[in-house]
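S.K.: what follows is a predicted structure for the sequence shown.
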Amino acid sequence: MAGNGGIIGPVNTITDAYKDKVTAITGSGTFNKATCNPAAPGLATVVVVAGGGGSGGDGGGGGGAGGMTVTENHPLPGSGIPVTIGGGGAGGPAPAGPRVSSQGDTSTFGSSTPLSTVGGGYGGYATCRCGGNGGSGGGGMESAPGGVGAGGCGTACQGNNGGGLAAPGNGAAGGGGGKGGVGQPGVAPSAPTCGVQGGTGLDITPYLACAATPYTIPNSGKYAGGGGGRPTSGGSCNANAFGGGSCGSYPPAPYPGQNGTTNTGGGAGAGAGNNDGGTGGPGVVVVVEKCQEASGVIASGIWQMNTVYENVKDGNWSN
């Protein structure tokens with residue numbers, strides 16, 4: 001009888017199993033790759049999201065989402081990597097005054113080949129009714145008298161344009177653009193009185209399919225949604241699931257535009273009549289290092305029965 005408990009075949013070798021290591025960076029600082037990284041220099045998928053744009057107050061446009069990129073197989077140096085997380089742009093006041101809505105700030109992953117994204121465009125406001133350009137463009141506001149305030153332009157491969165107006169004379173304003181779609185244009189008076197939605201963002205969870213669990217990332221990986229534009233009268237719009245803020249109700253006060261969600265790069269929702277605009281959501285960087293998190297053991301082939309027993313007893317055996 002075979003000395004391995006009756007199983008005839010080669011003795012198997014148990015090796016360590018590794019899954020992807022996920023690191024979310026929510027504030028500026030330095031990132032260091034995993035010390036156990038077996039690759040040289042080591043590869044990662046790096047998600048970089050800039051700060052979202054601020055929205056216009058007093059019936060202004062929604063803020064555009066911060067620019068967003070997903071770079072696969074990005075090389076990581078052995079030294080520390082400086083990371084800058086862009087803040088969200090400020091919202092405009094109501095009534096319009098010297099303070100205006102502003103663009104979000106840039107985020108950067110400063111490896112040897114730096115990855116950088118552009119802050120979201122600001123929403124249009126009383127003295128500058130076109131939405132600002134940015135990672136995604138801000139929504140435009142109706143131009144007096146009865147003109148169309150255009151939405152801002154997004155940056156190629158980072159976001160989309162903000163919404164303008166479907167037609168002049170409706171008193172509405174457009175939503176901010178997002179990584180996954182354009183902002184909606186301001187609705188006509190005959191349309192529902194709720195505000196218009198910002199552009200959709202991007203869900204990064206498909207890039208985490210091989211990640212070791214548990215891991216923690218902001219907003220479950222849904223980033224760079226545009227802020228909602230103002231309604232024509234009454235009602236409000238829903239917050240964007242990808243971090244964009246909802247617009248304020250109209251006309252009661254004080255219901256300002258909602259801020260973009262923290263560490264999503266979401267654009268701010270617009271402030272309706274007599275309400276301030278919101279602040280864009282700060283950005284985020286997510287680094288997914290390939291095969292850097294120890295996750296048990298693996299083996300293939302024919303097993304000794306004693307080895308099976310020992311691994312079951314130690315909790316290392318799964319079906």
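M.R.: Received the coordinates, thanks.
S.K.: is it true that residue 283 touches residue 107?
M.R.: Yes: Residue 283 is within contact range of residue 107, at 4.1 Å (criterion: C-beta atoms under 8 Å). For glycine as for every other residue, the C-beta is placed from the backbone atoms N, C-alpha and C.
S.K.: which neighbours do the two have in common?
M.R.: 48, 49, 50, 51, 66, 85, 86, 117, 265 (C-beta atoms under 8 Å, 6 or more residues apart in numbering).
S.K.: what about the helices in this protein?
M.R.: Applying DSSP state H to the chain gives helices spanning 305-313.
S.K.: for residue 187, which non-adjacent residue is spatially closest?
M.R.: residue 172 (5.4 Å; C-beta to C-beta, 6 or more residues apart in numbering).
S.K.: so what's the closest residue to residue 161 other than its chain neighbours up against?
M.R.: The shortest distance from residue 161 to any non-neighbouring residue, by C-beta to C-beta, 6+ apart, is to residue 137 (4.6 Å). The contact partners of residue 137, by C-beta under 8 Å, 6+ apart, come to 64, 121, 131, 151-154, 159-162, 176-177, 183.
S.K.: report how many residues lie close to residue 174.
M.R.: 44 (other C-beta atoms under 10 Å).
S.K.: next: residue 157.
M.R.: 12.
S.K.: thought it was touching residue 71?
M.R.: No: contact between residue 157 and residue 71 fails when scored by C-beta under 8 Å: they sit 10.4 Å apart.
S.K.: what mean pLDDT does stretch 84-99 have?
M.R.: Across stretch 84-99, pLDDT averages out at 83.
S.K.: report the distance from that stretch to the chain centre.
M.R.: Centre-to-centre, stretch 84-99 and its host chain are 19 Å apart (C-alpha atoms, centre = their mean, to the nearest Å).
S.K.: which parts of it are buried?
M.R.: By 16 or more other C-beta atoms under 10 Å, the buried positions in stretch 84-99 come out as 84, 85, 86, 87, 88, 89, 90, 91, 92, 93, 94, 96.
S.K.: quick check: the first one vs residue 285, distance?
M.R.: Spelled out, that is residue 84. 9 Å (C-beta to C-beta, to the nearest Å).
S.K.: any shared contact partners between those two?
M.R.: Joint contacts of residue 84 and residue 285 (C-beta under 8 Å, 6+ apart) are residue 107.
S.K.: got any ranges where the stretch 201-319 of the chain has weak pLDDT?
M.R.: Along the stretch 201-319 of the chain, the model assigns pLDDT under 70 to residues 231-238, 250-253, 292-319.
S.K.: just give the closest residue to residue 110, not the sequence neighbours.
M.R.: residue 82 (4.2 Å).
S.K.: residues in contact with that neighbour?
M.R.: 29, 30, 108, 110.
S.K.: pull out the buried members of those.
M.R.: The buried subset of those - by 16+ other C-beta under 10 Å - is residue 108.
S.K.: so which of the contacts of residue 82 are in strands?
M.R.: 29, 30, 108 (DSSP state E).
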